[in-house]
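Engineer: Got a sequence here, can you build the structure:
(chains A and B)
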Amino acid sequence: QVQLVQSGAEVKKPGASVKVSCKASGYTFTGYYMHWVRQAPGQGLEWMGRINPNSGGTNYAQKFQGRVTMTRDTSISTAYMELSRLRSDDTAVYYCAREGQQLVRLYYYYYMDVWGKGTTVTVSS
Amino acid sequence: DIQLTQSPSFLSASVGDRVTITCRASQGISSYLAWYQQKPGKAPKLLIYAASTLQSGVPSRFSGSGSGTEFTLTISSLQPEDFATYYCQQLNSWWTFGQGTKVEIK
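Structural biologist: Purely as a prediction, here's the structure:
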């Protein structure tokens, strides 16, 4: 079955970096964009960016430009999200999510149809 | 950036109630809107995309409507498993989420 398996929880100190992985299975990894979304404790969902696993091309939310790097390793169908210069307000659950698409009424529409279970990142001194 | 504002932020309802959640966009986004359901400690689940197309496997009591700047998610008869937080998401200009609507048991 289609699934995304994320790496385990991390605890980091302020100023450090964290790298979260997301291993895809059950579908062609290079055929679908992969997104990263985070959720701070008790807060809503925040889009961070996406990567095209085929080309490696990325699009980042302006808020994270310069601090986030998304990469992939197609040989093991795994996407990565690295966030640097961590602050306490980066404490959150980080999700990867596959971008699906469907032709509806002559137009293509996009959505996030498969999600990982999330990786908790705690930033604390 | 396109902002999405959901209303209400919190909703108290009973099993069997008809529930409507509104999502307003700061500028027109055609039908590039999706709805997700999230339960505590779980990842979001896609319910609706293209504003009104039900994702495969989602019960038909869920429906979506709207276009441009105003959208609604309706649950025709609230079931116990529907108590959750609901988010709208726009995909017209990059991707952003509304702030969420928590549906709790009255």
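
Engineer: How is the most centrally placed residue in chain A assigned, secondary-structure-wise?
Structural biologist: Centroid check for chain A by CA atoms, centre = their mean gives A:Trp36 as the closest residue, at 2.4 Å. Secondary structure state of A:Trp36, per DSSP: H, G, I helix; E, B strand; the rest coil, is strand.

Engineer: wait, it sits on A:Tyr94?
Structural biologist: Yes - here A:Trp36 lies in contact with A:Tyr94, judged by CB atoms under 8 Å, at a distance of 6.4 Å. Where C-beta positions appear, they are placed from N, C-alpha and C, glycine not excepted.

Engineer: Need the overlap of contacts for these two.
Structural biologist: Here A:Trp36 and A:Tyr94 have A:20, A:48, A:81 as joint contacts, going by CB atoms under 8 Å, 6 or more residues apart in numbering or on different chains.

Engineer: List the single closest residue to the last one in space, sequence neighbours excluded.
Structural biologist: Taking CB to CB, 6 or more residues apart in numbering or on different chains, and ignoring the residues beside it in sequence, A:Met81 has A:Trp36 as its nearest neighbour in space, at 4.6 Å.

Engineer: re the thing from before, with distance to B:Arg61 and pLDDT as extra columns, can I get the shared contacts of A:Trp36 and A:Tyr94 in JSON lines?
Structural biologist: Output for the shared contacts of A:Trp36 and A:Tyr94, formatted as JSON lines (distance: CB to CB, whole Å; pLDDT from 0 to 100):
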{"residue": "A:Val20", "distance to B:Arg61": "35", "pLDDT": "98"}
{"residue": "A:Met48", "distance to B:Arg61": "32", "pLDDT": "97"}
{"residue": "A:Met81", "distance to B:Arg61": "35", "pLDDT": "98"}
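
Engineer: for residue 36, what are its contacts?
Structural biologist: All of this refers to chain A. A:Trp36 makes contacts with A:20, A:47-50, A:68, A:70, A:81, A:94-97, as judged by CB under 8 Å, 6+ apart.

Engineer: wait, chain B
Structural biologist: Contacts here follow CB under 8 Å, 6+ apart; on that basis B:Tyr36 touches A:45, A:112, B:44-47, B:86-89.

Engineer: give me that answer again for 6 Å
Structural biologist: Residues in contact with B:Tyr36 (CB atoms under 6 Å, 6 or more residues apart in numbering or on different chains) are B:44, B:46, B:87.

Engineer: Just the buried ones from these, in ChimeraX syntax?
Structural biologist: A single ChimeraX command selects the buried members of the contacts of B:Tyr36 (16 or more other CB atoms under 10 Å in any protein chain shown):
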select /B:44,46,87
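
Engineer: re the thing from before, who wins on neighbours among the shared contacts of A:Trp36 and A:Tyr94?
Structural biologist: A:Met81 (27 neighbours; other CB atoms under 10 Å in any protein chain shown).

Engineer: For the strand or helix carrying that one, buried residues please.
Structural biologist: Using DSSP states H and E, A:Met81 sits in strand A:78-83. For strand A:78-83, the neighbour count (16+ other CB under 10 Å) marks A:78-81, A:83 as buried.
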